[in-house]
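>>> I'd like to go over a predicted model; first the sequence, then the structure.
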Amino acid sequence: MAAIEQLTQDFLRTKKLPHIWCPGCGNGIVTAAMVRAFKRAGFEQRDIVIVSGIGCSSRAAGYLNFNTLHTTHGRALSFATGLKMARPELHVFVIMGDGDCSAIGGNHFIHTARRNIDLNAVIVNNHIYGMTGGQHSPLTPSGKKATTAPLGTLERSFDLLELARGAGATFGARGTAAQPRQLEQLMVRGAKHKGFSVIEALSPCPISYGRRNKLGGPVEMLLDIKNKSVPVERASEMSSEELEGKNVTGLIYAYDAPEFSEEYYRMIEQFKDK
C-alpha cells in the first residue's frame, strides 16, 4: 500500500468520508498536513487527542481517527486545558477557525497563552465565519466585505501571533494552504515544543469570503495567498512599506518558559511534602 493510502487508512475515519467542506476550501489541505505531521513527529496514535470547537475547520475532529473531542463554539481551549491537566502525558492538538479562536474564544486564547500550557493550537484563518453565516471576524482584513460588513470591515485585524506572544505563548508560526509542506514542518516543530504552540494556517474560503470580495476561484485564491507570503528570513530585510499587505511565514518566535501543568504538579508535590 502506498504511503499516502496507509496514512488515510490509519489516521482518517474513512466511514465519515466524503467530507462536507466546500469545493476549493483549504481545510482538507491543512488537515492532511496535520496527519503527515503526526506521522513525522513519531507520536503514538493512542496518545494524540484532537479538540475542536465549532466552525468549518472544526469538522476535522470528526474525520481524524484519534481520540477526539468536539466542543462548543469558542471553548475548545478550555476543554483542552482541562484534558491536559488531567492527562499531561497526552499530545493535545486544538483545531479552531479565526472567529472561533479570536472572537468568541478570544478570552480563552489569551489566558491559555498566559498559562503557557503545553497545547498545540492550529488556527485555520480563512478571514471569515464560513459555516455560521459569513460574518466578519477579528482576522478579516480591513475593507473586506462580509454579511455583517456589507460595505467593508472598518476594524483593523489582529496579528494573531503577536497577540499570542504578548499574552505569553512561547511558540508562534505561520504557514499557508498554498505551501502545505512548510505547514507540515511547522506543525512538527510546534508539536515538539514544550509550551503553548500557536500555528496560524492561512486558508482560502472561495464561497463565503472569495465570492463576496470578488477574489476569484480556489486556484486564484491559493495563488494570491502564495504571492503575498514572505519567508520570515526575507521579511527581516524588508521595510514596513514593503511588507504592507504581505504575510510573514515560517517560525516567527520560539523560546522557553515554565510550562503550566508541570509547574502545577510540582506545586502539588511541594504541598504534600509540607
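Good, I have the coordinates.

>>> for the host helix or strand of Val92, give the mean pLDDT please.
If you go by DSSP states H and E, Val92 is part of strand 91-97. Averaged over strand 91-97, pLDDT sits at 97.

>>> residues contacting the very next helix or strand once past that strand, please?
Per DSSP H and E, the first helix or strand lying C-terminal to strand 91-97 is helix 98-99. By Cβ atoms under 8 Å, 6 or more residues apart in numbering, the residues outside helix 98-99 that reach it are 55, 123-129, 132, 135, 137-140, 160. From N, CA and C alone the C-beta is placed, and that goes for glycine too.

>>> ok, back up a step: using PDB, list the CA coordinates for the strand holding Val92.
Provided in PDB are the C-alpha atoms of strand 91-97 (Å, rounded to 0.1, in the frame of the first residue of the first chain):
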ATOM      1  CA  HIS A  91      -0.300  15.200  23.000                       C
ATOM      2  CA  VAL A  92      -3.300  17.600  22.600                       C
ATOM      3  CA  PHE A  93      -4.000  19.500  19.400                       C
ATOM      4  CA  VAL A  94      -6.700  22.100  19.200                       C
ATOM      5  CA  ILE A  95      -8.200  23.000  15.800                       C
ATOM      6  CA  MET A  96     -10.000  26.300  15.500                       C
ATOM      7  CA  GLY A  97     -11.100  28.800  13.000                       C
END
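
>>> list the buried ones in it?
His91, Val92, Phe93, Val94, Ile95, Met96, Gly97 (16 or more other Cβ atoms under 10 Å).

>>> and what of stretch 241-257?
Asn247, Val248, Thr249, Gly250, Leu251, Ile252.

>>> any stretches of the protein with poor pLDDT?
1-4, 274 (pLDDT under 70).

>>> in it, which spans are strands?
48-52, 67-70, 91-97, 120-125, 171-176, 197-202, 229-231, 247-254 (DSSP state E).

>>> looking at those, which is nearest to Arg13?
Among the strands of the chain, the nearest to Arg13 by Cβ to Cβ is strand 67-70 (9.0 Å).

>>> contacts for that closest one, please.
So strand 67-70 is in contact with 46, 48-52, 58, 61-62, 79-80, 83, 90, going by Cβ under 8 Å, 6+ apart.

>>> now Ala33: how far from Ala178?
12 Å (Cβ to Cβ, to the nearest Å).

>>> which of these two has more residues huddled nearby?
Ala33 (25 against 22; other Cβ atoms under 10 Å).

>>> helices of this structure, start to end?
For the chain, the helices defined by DSSP state H cover 3-11, 27-41, 60-63, 76-86, 98-99, 106-115, 160-167, 180-192, 218-227, 232-235, 240-243, 260-273.

>>> which strands or helices does the second one pack on?
I take that to be helix 27-41. Helix 27-41 sits against helix 3-11, helix 60-63, strand 91-97, strand 120-125, helix 180-192, with contacts defined as 3 or more Cβ pairs under 8 Å, 6 or more residues apart in numbering; DSSP states H and E.

>>> for Ala37, find the nearest of those.
Nearest of the helices and strands packed on helix 27-41 (Cβ to Cβ): helix 180-192, 3.7 Å.
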